Structure formats: C-alpha cells, structure tokens
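Sharing a model that was predicted from the sequence below.
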There are 2 protein chains.
Amino acid sequence: MSEKLTSREENYSQWYQDLVIKADLAENSAVRGCMVIKPYGYAIWEKMQQELDRRFKETGHVNAYFPLFIPKSFFSKEASHVEGFAKECAVVTHYRLKNDPNGGGIIVDEEAKLEEELIVRPTSETIIWHTYRGWIESYRDLPILVNQWANVVRWEMRTRLFLRTAEFLWQEGHTAHATAEDAVEETVKMLNVYADFAENILAIPVVKGMKSPNERFAGAIDTYCIEALMQDGKALQAGTSHFLGQNFAKAFDVKFTTKEGKREYVWATSWGVSTRLMGALVMAHSDDLGLVLPPRLAPIQVVIVPIFKSEQQLYAINEKVAELKKALEKKGISVKYDNRDTYKPGWKFAEYELKGVPVRIAIGPRDLENGTVEVARRDTQEKAVYQMTDLHIKVEHLLEQIQENIYRKALDFREEKTYRADSWEEFLDILDNKGGFVYAHWDGTTETEVKIKEFSKATIRCIPLDNQPEDGKCILTGNPSGQRVLFARAY
Amino acid sequence: MSEKLTSREENYSQWYQDLVIKADLAENSAVRGCMVIKPYGYAIWEKMQQELDRRFKETGHVNAYFPLFIPKSFFSKEASHVEGFAKECAVVTHYRLKNDPNGGGIIVDEEAKLEEELIVRPTSETIIWHTYRGWIESYRDLPILVNQWANVVRWEMRTRLFLRTAEFLWQEGHTAHATAEDAVEETVKMLNVYADFAENILAIPVVKGMKSPNERFAGAIDTYCIEALMQDGKALQAGTSHFLGQNFAKAFDVKFTTKEGKREYVWATSWGVSTRLMGALVMAHSDDLGLVLPPRLAPIQVVIVPIFKSEQQLYAINEKVAELKKALEKKGISVKYDNRDTYKPGWKFAEYELKGVPVRIAIGPRDLENGTVEVARRDTQEKAVYQMTDLHIKVEHLLEQIQENIYRKALDFREEKTYRADSWEEFLDILDNKGGFVYAHWDGTTETEVKIKEFSKATIRCIPLDNQPEDGKCILTGNPSGQRVLFARAY
C-alpha cells in the first residue's frame, strides 16, 4: 500500500490490474493464464457463492458433482459444441511420470499413455448428458434441476486476472425437462435469478437480453444473457442462460417415456456465472483510491480505527470499542478492530480505502469524552460525527444506504452512457469519443453483424428482452430493421 | 429400491457398493476411476463442508484458491514428494484439439504441445509453497493460515466409490509459521479439529495418533492421523495432519526475516480430509436395510408419511401436517412431507430407510382422532406413539438421542473389537477370525513393519497419542519394545 494506484483516467486497464493485485484479490501464478485467488478475493467470491447458492436452492435446484475429465469422444457428439471448444482445451494424455533413465530428471512415462485422451472440462454438458441418460427413464424423472460448483479450463491465449483466465471457478446449472416450454421457462427463470443477484448484491444494473445467433453458446438454440457497463464504457457479459433444445439429448440419446407412453427426447438448459463477476465488481464501482465494495459482499463491512497517543488512551478506547463491536456484530455486521500500534491511523485509512471497506469508524480520546465517533463512508468519501447512542442501528442503515447508493451511481452512469445511434458516423463517434451502450438498428443478418464488428470493434451485446418494435434502417447496410439492438465494445 | 441390498454378512464389499448406488450417493462415471456424486450424496458432503469450514474459520483460517495445474519441474523440487506422487499423475501435454485432416474425427493437435507438461494436482504443497515465496518477507507475515476446497487427482489403479477414486474432492490446509513449535502446535490443533468433527458430527469414534515413518506423507517430518474402525473390522484413515518441517520452504527457497533480523526458512504444515469420509460414514453406521445417517449430517432429518385411503382423509392429514411441519422447521429441523399417491406407505418406509432418514413420522385418520402420530427411529428401528402436543420439542430431543446413540453404538463396537496381542499367533488369530484394532508391541524398525504387513496384511495404523509406555517384546522379532502400537488391516 505504499505506491499509489495508476488512475483510471491515465490507464484504465493498468488501474484494474494494479488494483486487483494491491487490494489482495488475486495474482498471476506460475502456470500461464492461471491465477491464485488470495484470501481477501476469495472471501468476496464465497459471499457471491452463498447468495447464488441460496437463490438456486430456493428455486428448487440441488447440487451435484461430475468428473473433471471428459473423454475426447464425448466432445465430437455435438457438432457445434466441439467446434466451439476444441481450440482451447487442456488435454490429458498420460497418467504417470518416471525418472529419466538418462538422468534428465522427472519425465513423462511414455508407457503410461491413455487409450483415449481426456479433456479437462471447459464446460460439462457432454459428461452430464451422458450421465443423465442413466437417470431419465420416464416423465416421472423430470425435471432434473442440478447445479455444480466447479473449476473449468479454457486455454485462452490472452488472459487477465478474473476477466479471462485459463482456469476459472464457476457454477453451471444443467436441467432436463419434458417439454420445450418448461425448458424455456427455466432458462428465463435463471436469467432473472442472475439479474436479481447482479442488481441487489453486486449493485450492478444489467440489461437482460438474448444473444444474436452469431454470439450463441456452442450447442444452444437460444442464449440469454445479462450485460453490464463498466466505467470505461465497455460492456461485460455477466451471466448466461442457455436453452439447449434437444441438441444434447440427441447427441447422447436421452429419451423419456411421456404420460401417453411415447418415447421423446428430453429438453435441456444450462446456465452459469463465474469468477469473472469479481472483475465486473471491481470495474463497475471502484475508484482511484481502491476498491468500492457493496456492503452485501464486503468481507469486512465496518473497520474501527483508534486514534491514540498513549497506551492509556488506547486502553480506554479498546474498552469502548469492545462494546460497540459487540452491538454491531449482534446485528450481523462484520467488524474489524485494527488497534495495531505498528501502523499510523493515516496508513490504516488508506489501507481500508484500498480494500473497499464500506464504513470506517475512527475513535479518539475526545470522542470518548463527547460520546461520539467519526464515521466515514467509502463510497462518497463523506465523513460525519455520530453520537454513540444506537450506533449499531445507524450503521446498519448506513450500510443499506451505501448499497443503494452504489447501485444508483452505477445506474446513473449507465443511463448517461446509453445512446441511440441512427447513422454509421454517429455510431462510430459514440464508440470512439464517448463509449457506452449504443442502441441501433441492424438488419438481422450475421454477415452485417460480423462486418460491424470488423469495422467498429463493437458487438451486439444482446437483443434486449424489453425491446419495443420500431421500424428503422440498419446503421451499416440501410436495410430495413424492426427493432434496435444493443451494441458496445466489450470485455 | 425394488431389489434387496446384499447383506453385510453375505458380502460386505458388495453391500457397500450396492448401498452407495441404491441410496443415490454416487455412481461410477464414463471416466475410469472418476465418480459422479449424486445430489443426495452431495447434500451430505455439503453438510460436512459447512461443519468443517466453520471450524477452520473459528480457528483463524481463511480460504483461498490455487491453480489446478502444477508445472512438472515443481514436483522434482522436493525429493520424497515426487517419489510419492509421480506414479499416479494425470499429465496435461497439449492445449488444443483439431479435426483430423485424414477424416479420423477430432484428434490432439500435435502443434499445440506444451513446453513443460502440467500435472493435475494430486495435492498442492508445491504450487502453494512456490506462491508463499512471494507472500512471506518477515515474521510480520506469519503465520499464514490458509485452506483450500478443491478437487485433486491421483491415478489409482483400483478404485472404489468414495474410498479410492482417481478424482476426489477435499480440503487442504497449508500453513506457514515462524517456529517449529508453532507449526507442531498447528498440526496437532487441526488433528483435534478433525477428531472433534469425526466424533460429534460423523458420530465416528477415532484414535488420534502418529504414523510410523514408513506411512508418512511424502515430504512430511511427522504425519498425525485419525483412525476409525469400520463394521467389517477394517480400519480407515479418516484425516491426516502433517508437520512438514522446513522441507517445502527449502525446496522453494521461502525464508523470512526474524525479529532479530536473521533470515530463516519457514516452517510448514498441511492437513486434509476428503470425500473418503463419505465412505467412512456409510461403512461405520449403515445396516442391511440401508443408510443410517447421524442427524447432524442428514439432508432430510424427518420424513412424514400420511396413511390414507380417501382423498378426504389425505386432505385432513395435509392440514395437520402443515402445522406440525412448520413447528419442526422453526426448530431448524429439515422435514420432508411425502404425500405422493403414486407410492404406497410401505414402499415409502423402505425408501426412507434406505436413504437413512433418522426419524419417520406416520400419520393416519385414527391418529388425527387421537391427536397422536407414530414415530419410528432409523437407528434402532423402534416405533412409538407420540402425542402431537409439543411434537417439535420431542422430535428435537429424539434427534439428539439418535446422534448420541449412533456414536455410542460405534464406540461400543470399536471397544469390543479392540484387542491386545502378545504373540504372533495371537495377532494373526485376531486378524483372521475377529478383525478389529490390535494393540501390539513392535520393535520400531521399518524392516519389521514391512514384514508384518507382508505376512499379515495388517499395517501400523498409528502410534496413539495417548499411549502409555510399556515394556514388551515385538510380536514378530521378539526384540524389545517400549510401547504398543495400533495395528489393523485397513482400507
């Protein structure tokens, strides 16, 4: 915490990288593209997991665990799926090491070659649908509503902490249904769970929509997504929910007997969010002083710093703080009291700003006399003097206000940065000079979508679910269009 | 749930396998040696995780996450470590698949060969100590008390669901300390956490002890363990805690500056338990009717089954049950009401016996009239008629009694099956004809230990921590011995 962060204005990308490392969220490991998630970062991820897991269970889902490895032949069974993932797979080919008889140290034992290579899962549709074949016989076995918390590997060439890593942590829901309607309903339900989580816990407003065919998940009929806007005006896909139709059921021959006694293929969904959300969290709210964490995700919600010169002063403060801390903790608020004498208050203030602790309470000898404390909010940097009476109730309300304010600020930012473009020039001007979300007409063809991306580096983030029909002309081709879609440059 | 389980007497090993599958705990997957943990099994594992995680945090530990892959060269750095794990490693050699130009389907792209092979972690000491090098500068950075929940892979040749699988789930604690004393204290502290968890949550009594040098973890100075006895008289190692000395600090050059300004190597521990505990849980308590789950781990603690002939009767029962269920749930008891009309009560009784639900409540029209219910305990198979008044309080007490009784029964069994052998003949006779734990004298040499194993298939499970010195003669060699050690045949 000695050197200052790079500012967002100076270099947004460097600011992000610096912040993730200095705030002790994560670091690069010795393995290319794989990160170490440090305890402070992991504590935030655990809070995300708890909130998500509760929502999954409330909507009737159960957790299970499927193998890390997928036989290579499974991939080939769903054509577009293998097309989508084959280029970035970690492949296990051997199962033993040995001492090099020529003294070259430890080497792979060529005699221990697998008959069929195993792929480290990049996603688990194939191994899970192979398994579901044994679980599904009749309509009585449906729906299957299963989620898995797991690590997955995609051999990305250019990686960035949390945003794009070779290994990442995620959850993947995989459900099986008797009808297309049930599966679509599930797909949308989980999209709504993600949106609710993003807005109420991450404090990040999101646009719910459907991907264009070109941006669909490999193997899906429809991909729904939530899209968020980062402070540099770039979009970030924060979660996806896929209606898979009968594609995987057909690939793995999973049929069920209907109430009427017919044999039909099962309908599927899958949906996931990952440690990428950690990146979204950082980029959506933080500032040049460090993290700004929404209270609902902050591992430490309140930090108390004593201001003292003598040991006697510290002793008196310790006593008072013990009482205040107890009252706050009774409210379920996580409190850290940092009374180390090896660091000065100013150092501590900067440290907890960097770490994004939502509320800081400072208390000195004069506060003890007056029955007051100084309360500082991380989000607005405002300070105020509070009477100690009922401090726990005031702080509880303050935390709620901060949560709300962080969301409101992100929402205001997004609204300010949301534009409508009616010509190609206008479209480019917004992207180059303002950044943000751009609603524009598109002729609906993949050809045009690809060209727009090539010429502008912007992609169709989604076709928003709340879209209103509107006649217009495609910004690139001038061909007729029935609605605007959401464009942005994206992570 | 149609066919009966194999009985324990008939074939203990088959009984275990049948039970794990029929009770929906886990099944074999398409990948050799890797299992699918099914939702019911995973729900039990989640309860274990919660209990352990809470204990880890209460003892000052935090969670983090380290990479799945370990560079091959890291393994070679600690000699005995690589010796212990090299023979059973999954090795990643390539990072891309491609279409075979000769039409042979999807194949490994030979151009995407890794410069250095990556090992799928069998345990994470090496990658973690490599990382700690960047975290530790001075004594102020110590101790580091980190735990990781993760999947690991050991390419075992003969696998059995939960007990020995190529991939398994576990937690691994990795701590760093300034002194040997601190590290040993941590090692013993975590052994005690495991023992407390095993006895109070799993309801399995354990012997705490230290492994003989021959049975130590690869890279440890001392390995502490908890050993449990299964119903077939075989031992099962249920958790280990290792004092690693400075072995890994030396291998990865991790030094710290002491208060006195000297540079010294850091002291280490590691400790872990895995999904193997699921196997222990099944084998310690269950019977020929199915699982017997301790209430503290049962995903469903109480099942309520209505007994009815008419819809009208069911309607009246539903109403009463809603009220009882609410009161039970207010006590934090998990309750399932199974009022399906597609299955008969007898079928349901057998189903929930198989699943190990601790308490079953049956309620029929006559019960409604009398204000009673029939309560059946899974552990003793006893039934009793209870007045409905304060049923939630009675059931809460009953669950506690069951937890206690299951532990007591396992403890009685162990005590009954714990022997002292003073000659080789006696030793073999016990192992062959009785099974169980055998306390016997051993001359302390690895040579003798290996021979005893060869001749008897029994291993030294541990040198119990509460051992009393006792002069005697080694059962094999007759050489002098200062204490008895604990032998058994083991999983």
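Cool, got the structure. Please read all numbers here as calculations on a predicted model, not as lab measurements.

Return the residues in contact with A:Arg158.
Applying Cβ atoms under 8 Å, 6 or more residues apart in numbering or on different chains, we find A:Arg158 in contact with A:Arg164. C-beta coordinates here come from the backbone N, C-alpha and C atoms, glycine included.

Got phi/psi on it?
In this entry, A:Arg158 is assigned phi and psi values of phi -110, psi 120 (degrees, to the nearest 10).

any idea how far A:Gly41 is from A:Lys355?
Taking Cβ to Cβ, to the nearest Å as the measure, A:Lys355 falls 11 Å from A:Gly41.

Which residues are in contact with each of those two?
When Cβ under 8 Å, 6+ apart defines a contact, the residues bordering A:Lys355 and A:Gly41 alike are A:23-24.

More neighbours: which of these two?
A:Gly41 (25 against 22; other Cβ atoms under 10 Å in any protein chain shown).

pLDDT value on that one, please?
A:Gly41 is assigned a pLDDT of 98 by the prediction.

ok, how many other residues are close to A:Gln387?
A:Gln387: 11 surrounding residues under other Cβ under 10 Å.

do the one 5 residues further on as well
Around A:His392 sit 19 other residues, with neighbours defined as other Cβ under 10 Å.

In contact with the residue of the stretch 301-450 of chain A found nearest chain B, which residues?
Minimum separation of the stretch 301-450 of chain A from chain B (Cβ to the nearest Cβ) falls at A:Thr342, amounting to 7.7 Å. By Cβ under 8 Å, 6+ apart, the residues touching A:Thr342 are B:Arg140.

quick one: secondary structure of it?
The assignment at A:Thr342 comes out as coil when based on DSSP: H, G, I helix; E, B strand; the rest coil.

could you point out the longest helix in chain A?
helix A:391-416 (DSSP state H).

Next secondary structure after the least confident helix or strand in chain A by mean pLDDT?
Scoring the helices and strands of chain A by mean pLDDT, DSSP states H and E places helix A:79-85 at the bottom, with a mean of 83. Where DSSP states H and E defines the elements, the next helix or strand beyond helix A:79-85 is strand A:91-94.

Off-centre distance for that next one?
Centroid separation between strand A:91-94 and its chain, computed with Cα atoms, centre = their mean, to the nearest Å, is 30 Å.

any idea of the mean pLDDT in it?
pLDDT averaged over strand A:91-94 equals 97, rounded to a whole number.

Summarise which helices and strands that strand is packed against.
strand A:113-120, strand B:91-94 (3 or more Cβ pairs under 8 Å, 6 or more residues apart in numbering or on different chains; DSSP states H and E).

got the contact list for the next helix-or-strand element following that strand?
Later in the chain than strand A:91-94, the nearest helix or strand by DSSP H and E is strand A:97-99. Taking contacts as Cβ under 8 Å, 6+ apart, the residues outside strand A:97-99 that touch it are A:105-109, B:72, B:75, B:82, B:86-87, B:89, B:91, B:119.

Parallel or antiparallel, list what pairs with strand A:97-99.
Strand A:97-99 has these partner strands in its sheet, going by DSSP bridges: strand A:106-108 (antiparallel).

Would you mind giving the contacts of strand A:97-99 as CSV with distance to B:Leu411 and neighbour count added?
CSV is the format used below for these (distance: Cβ to Cβ, whole Å; neighbours: other Cβ atoms under 10 Å in any protein chain shown):
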residue, distance to B:Leu411, neighbour count
A:Gly105, 50, 13
A:Ile106, 45, 19
A:Ile107, 50, 15
A:Val108, 48, 20
A:Asp109, 46, 18
B:Lys72, 46, 22
B:Phe75, 41, 25
B:Val82, 40, 24
B:Ala86, 40, 21
B:Lys87, 38, 16
B:Cys89, 39, 29
B:Val91, 44, 23
B:Ile119, 41, 26
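
Mind putting these into JSON lines with distance to A:Val31?
Compiled in JSON lines, these are given as follows (distance: Cβ to Cβ, whole Å):
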{"residue": "A:Gly105", "distance to A:Val31": "19"}
{"residue": "A:Ile106", "distance to A:Val31": "17"}
{"residue": "A:Ile107", "distance to A:Val31": "19"}
{"residue": "A:Val108", "distance to A:Val31": "17"}
{"residue": "A:Asp109", "distance to A:Val31": "22"}
{"residue": "B:Lys72", "distance to A:Val31": "11"}
{"residue": "B:Phe75", "distance to A:Val31": "13"}
{"residue": "B:Val82", "distance to A:Val31": "17"}
{"residue": "B:Ala86", "distance to A:Val31": "18"}
{"residue": "B:Lys87", "distance to A:Val31": "22"}
{"residue": "B:Cys89", "distance to A:Val31": "15"}
{"residue": "B:Val91", "distance to A:Val31": "14"}
{"residue": "B:Ile119", "distance to A:Val31": "10"}
